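Asks: Quick one, structure for this:
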Amino acid sequence: MSDHSEALSSDEERLAALGYKQELNRGWSGFSNFAISLTIICILSGCFTTYGQAWNDGGPIAISIGWPVISILVLLVGLSMAELASKYPTAGGIYYWAYSLGGVRWAWFTGWFNLLGLIAITAGVDYGAASFLNSVFSLYGLNFILNFATTNNSTILQHTFILFFVILAAHSLINVFSSHLVALLNRISAWWMLSGALVIVGVLIFGPSTHQSFSWVFTHRINNSGFSGHLYWFFVLPLGFLLTMYTFTGYDASAHLSEETHDAERAAPRGLWTSIAYSAVGGWAVLLAITFAATHLAAINKGGGGAVPIIESALSTGLAKLVLDIATIGQLFCGMGCVAAASRMVFAFSRDGAVPGHTLWRRLNKHQTPTWSVLFVVTLALLITIPALFGNSAGLPVAFFAVTSITTIGLYIAYILPVFLRWRMGSRFEPGVWSLGKHYRWINAIAMVWVVLCVIIFILPTSPEAVPWEKGFSWSDFNYAPVVTIVLALGVWIAWVGGARRTFKGPVRTVDDPDVGTSNDPALMPVD
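Replies: Sure, this is the predicted structure:
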C-alpha cells in the first residue's frame, strides 16, 4: 500500500474514533490547510479595509505598536486552539471540542457563536472587497452598467452593495462546484498574499516622494473619534485594536477543513498557528509601509482616514492602481475561503441536527460539497449587511464596522469557550500528537483574559453620535454589534430551554449508520 493510502486510512480511522464516517472529499494537503487560514486572515483585506478604524481611533501608534503587541496575544489564542485541533480533527471542530470537554450545552452555545462569526466574516470580507473594487473601477474610469466614477455618497453605497451581491454569488458558484477547485485557488491565494505583500511594501517604499519620520510613525496619536482626549488611552485607543483583531479572524478554517485534509491531526494545528505567525510579520510590514507613506494628512482625514486615501495621495495613479489591484484580488480570494469555512461549519452543525432545516443544509452534491450550506451562508451574509446601504451623515457605511465587530465578537467567544474548558480540565486532558505541554496553563489564561477584554471593547459605541443617551444620537451611527450578539445569545438560550436541550444531543455518530456516505442516504443524494 502506498504512503498516500496509509495516510488516508489513518485519517479515516481517526475520524471514525470521533464518531464520523468519511463523507467529505479528503483531497487537501497540509499546505492547502495552512493556505485557507492564511487566505481568510488575509492581510490584504483586514490591513486595508479596517485601517481607518485604527487611524481614527488611536492613530499611528495603534498601528505600528498595537499590531505586533496584539499579534502576540492572538498567537496565544491560536496556540491554545491548535492543541484542540490536534486532539479533535473534525469539521465544525470548535463546537465538537466544547462538547467533548464540557458537554452538550457548551457545544450548543459555542456552535452558534462560531456560526454567527463565520457568517459575519463572510459578509465583512466580501463587502470590503466590493468597496475596494468600487475604488478600482473609479480609478480606471470604468462606467459600464453603473457610473463608478460618481462622488455621491449615497450612490457609492448602492454601487458597493451591488458589487457585494455579485461577489457573494461568484463565491457561491466556486464553492458549490468543487472542493478541489477551492483547494487549488487557496494554494494560489497563499502565494498571492505573500508575494503581493512584498510588492506593496516595495511600492510604498520607493513610490512616494516623501515619507513620515520614524518618531511620527511610532509615537504620533490621532483622535478623530469625537470623544474627549482624556479618554484616549482607556477608550479611544482600544477601539483602534479592531484593525488587528478583525484581521486575525477565521484561522479556525484549518480546523473546519480537517475532514478534507491529509494527516489532519498534525496539519490542522500547524496550519492554524503558522498562518497567524506569517500574517503577523507580513501584516506589520504592510501596515508600516502604508503609515510611513501617510504624508498628506488633510487629504487622508478628509477621505475618512483609510488606506485608500493614503495610497491615492502618496502614489502616482499607475502605482495606486497596482496596489489596489493586488489588495482587491487578495480580498476576493479571502471571501472565497470564508464561504468554504462557513459552509463546512453549517454542514457539520446540521449533520448533528442543530440548525433548523438541518436535513437540507447537510446535503452534498455530486461533487461532495455542501451546496445548500453554501447558499445558507451567503444569504445570511447578504441580509446582515443590508444596513450598509444607508450611511451616516458623512456617508460612511457604519454598518460595515458593526459587521467587523460582530465577526470579532462571535468568533472569539467561540474560540475561547473550549479553551476555557480545556484549561478547567487541567491535567485530566489527554492531548493529541501536537501539544502545549505544561505551558497550556499560562497560555490559556492570558488568551482568556485578552478575549474577555476584546469583547467588552468591541460592543462599545465608536462615536458620541452612537451613544443612545447623548444629545445628537443617530441610529445611522449606532454600533449594532452588541444588539446582534445579545439577540443571538437570548435566541440560542430560548431555543435551548424551549426544546433544543431535549432534541440536540451533540455530535451524532454517523460511523455507526451504514447508509451515511452512500447513495442510499437521502441527505447525501446528489444535488445538481
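Asks: gap between the nearest residue to Leu288 once chain neighbours are set aside and Pro208?
Replies: Distance criterion Cβ to Cβ, 6 or more residues apart in numbering; nearest residue to Leu288, sequence neighbours excluded, is Ser64 at 6.2 Å. The C-beta positions use only the backbone N, C-alpha and C, and glycine is treated the same way. Using Cβ to Cβ, to the nearest Å, Ser64 is found at 17 Å from Pro208.
Asks: Next: Lys302.
Replies: Distance from Lys302 to Pro208, by Cβ to Cβ: 18 Å.
Asks: which one of those two has more residues nearby?
Replies: More crowded of Lys302 and Pro208, by other Cβ atoms under 10 Å: Pro208, with 22 against 11.
Asks: List the residues that contact the nearest residue to that one once chain neighbours are set aside.
Replies: Leaving aside its chain neighbours, Pro208 sits nearest to Ala314 (4.2 Å; criterion: Cβ to Cβ, 6+ apart). Neighbouring residues of Ala314 by Cβ atoms under 8 Å, 6 or more residues apart in numbering: Leu204, Gly207, Pro208, Ala293, Ala294, Thr295, His296.
Asks: Show me where the protein dips below the pLDDT cut-off.
Replies: 1-9, 24-25, 92, 143-154, 178-179, 367, 391-399, 510-528 (pLDDT under 70).
Asks: what ranges do the strands span in it?
Replies: For the chain, the strands defined by DSSP state E cover 57-58, 222-223.
Asks: how about these, which one is nearest Trp361?
Replies: strand 57-58 (38.0 Å; Cβ to Cβ).
Asks: I'd like to know which elements that closest one is packed against.
Replies: strand 222-223, helix 237-240 (3 or more Cβ pairs under 8 Å, 6 or more residues apart in numbering; DSSP states H and E).
Asks: what about Leu389, neighbour count?
Replies: Other residues within reach of Leu389, judged by other Cβ under 10 Å, total 14.
Asks: pretty sure it is touching Phe161, no?
Replies: Yes - taking Cβ atoms under 8 Å as the definition, Leu389 is a contact partner of Phe161 at 5.3 Å.
Asks: Which neighbours do those two have in common?
Replies: Here Leu389 and Phe161 share no contacting residue, scored by Cβ under 8 Å, 6+ apart.
Asks: Could you tell me how many residues sit around Ala298?
Replies: Applying other Cβ under 10 Å, we find 8 residues neighbouring Ala298.
Asks: Gly305 versus that one, what's the distance?
Replies: Ala298 sits 11 Å away from Gly305 when distances are taken as Cβ to Cβ.
Asks: With Ile386 instead?
Replies: Taking Cβ to Cβ, one finds Ile386 at 25 Å from Gly305.
Asks: Comparing the two, which residue is more hemmed in?
Replies: For Ile386 versus Gly305, neighbours defined as other Cβ under 10 Å are more numerous around Gly305 (21 against 11).
Asks: who touches that one in this structure?
Replies: Counting by Cβ under 8 Å, 6+ apart, Gly305 touches Tyr51, Gly52, Trp55, Asn56, Ile222, Asn224.
Asks: likewise Ala190?
Replies: Shown in contact with Ala190 (Cβ under 8 Å, 6+ apart): Phe31, Phe34, Ala35, Leu38, Thr39.
Asks: Derive a ChimeraX selection command for the buried subset of those residues.
Replies: Filtering these down to the buried ones (16 or more other Cβ atoms under 10 Å) takes a single ChimeraX command:
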select :34,35,38,39
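Asks: for the contacts of Ala190, which one is nearest Ser131?
Replies: Of all the contacts of Ala190, Thr39 has the smallest distance to Ser131: 18.9 Å, by Cβ to Cβ.
Asks: Please tell me I have it right and that closest one contacts Met193.
Replies: Yes - counting by Cβ under 8 Å, Thr39 does reach Met193; the two are 6.8 Å apart.
Asks: Show me whatever sits in contact with both of the two.
Replies: Residues touching both Thr39 and Met193 by Cβ under 8 Å, 6+ apart: Phe333.
Asks: Would you mind listing the buried residues in the longest helix seen in the chain?
Replies: Assignment by DSSP state H gives helix 104-140 as the longest helix of the chain. Neighbour-count burial for helix 104-140 flags 104-139 (criterion: 16+ other Cβ under 10 Å).
Asks: Then stretch 59-71?
Replies: Using 16+ other Cβ under 10 Å as the test for burial, stretch 59-71 gives Gly59, Pro60, Ile61, Ala62, Ile63, Ser64, Gly66, Trp67, Ile70, Ser71.
Asks: Give me the distance from it to the chain's centre.
Replies: Distance of stretch 59-71 from its chain centroid, counting by Cα atoms, centre = their mean, to the nearest Å, is 19 Å.
Asks: Quick one: residues in contact with that stretch.
Replies: For stretch 59-71, contacts defined as Cβ under 8 Å, 6+ apart pick out 51, 54-55, 58, 212, 216-223, 237, 240-241, 243-245, 248, 276, 280, 283-284, 287-288, 291, 294.
Asks: Among those, name the ones in helices.
Replies: Those of the contacts of stretch 59-71 lying in helices (DSSP H): 51, 54-55, 216-219, 237, 240, 243-245, 276, 280, 283-284, 287-288, 291.
Asks: Select only the buried ones of those residues in PyMOL?
Replies: In PyMOL syntax, the buried subset of the ones in helices among the contacts of stretch 59-71 is picked out as below (16+ other Cβ under 10 Å):
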select buried, resi 51+54+55+216+217+237+240+243+244+245+276+280+283+284+287+288+291
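Asks: before we move on, the earlier item: with respect to Ser350, which of the helices and strands packed on strand 57-58 lies nearest?
Replies: For the helices and strands packed on strand 57-58, the distance to Ser350 is smallest for helix 237-240, at 36.1 Å, taking Cβ to Cβ.
Asks: that older thread, okay, the buried residues of stretch 59-71 in TSV with distance to Ala354 next?
Replies: Listed next are the buried residues of stretch 59-71 as TSV, based on distance: Cβ to Cβ, whole Å:
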residue	distance to Ala354
Gly59	43
Pro60	44
Ile61	43
Ala62	38
Ile63	39
Ser64	43
Gly66	37
Trp67	36
Ile70	32
Ser71	33
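Asks: how about these, which pair is most distant?
Replies: Gly59 and Ser71 (18.6 Å).
Asks: mind listing what Glu470 touches?
Replies: Pro464.
Asks: OK, contacts around Tyr251?
Replies: Residues counted as contacts of Tyr251 (Cβ under 8 Å, 6+ apart) are Ser37, Ile40, Ile41, Gly78, Leu272, Ser275, Ile276.
Asks: From the structure, what's the count of residues near the residue nearest to the third one when sequence neighbours are not counted?
Replies: Put plainly, it is Ile41. Nearest residue to Ile41, sequence neighbours excluded (Cβ to Cβ, 6+ apart): Ser279, at 4.5 Å. By other Cβ under 10 Å, the residues close to Ser279 number 27.
Asks: Trp191 now?
Replies: For Trp191, the count of nearby residues is 11 (other Cβ under 10 Å).
Asks: My guess is Gly330 contacts Ser195. True?
Replies: No - counting by Cβ under 8 Å, Ser195 is not a contact partner of Gly330; they are 10.2 Å apart.
Asks: Settle it for me: which of those two has more neighbours?
Replies: Applying other Cβ under 10 Å to Gly330 and Ser195 shows that Gly330 carries more neighbours, namely 24 against 11.
Asks: Contacts only, for that one.
Replies: Counted by Cβ under 8 Å, 6+ apart, Gly330 has contacts Cys42, Ile43, Leu44, Ser45, Ser189, Trp192, Met193, Gly196.
Asks: Export those residues to TSV and append columns for distance to Leu157.
Replies: Below are these laid out as TSV (distance: Cβ to Cβ, whole Å):
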residue	distance to Leu157
Cys42	23
Ile43	26
Leu44	23
Ser45	19
Ser189	28
Trp192	28
Met193	28
Gly196	27
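Asks: thinking again about what came up before, which one of the contacts of Ala314 sits closest to Gly437?
Replies: Using Cβ to Cβ, Leu204 comes nearest to Gly437 of the contacts of Ala314, at 41.1 Å.
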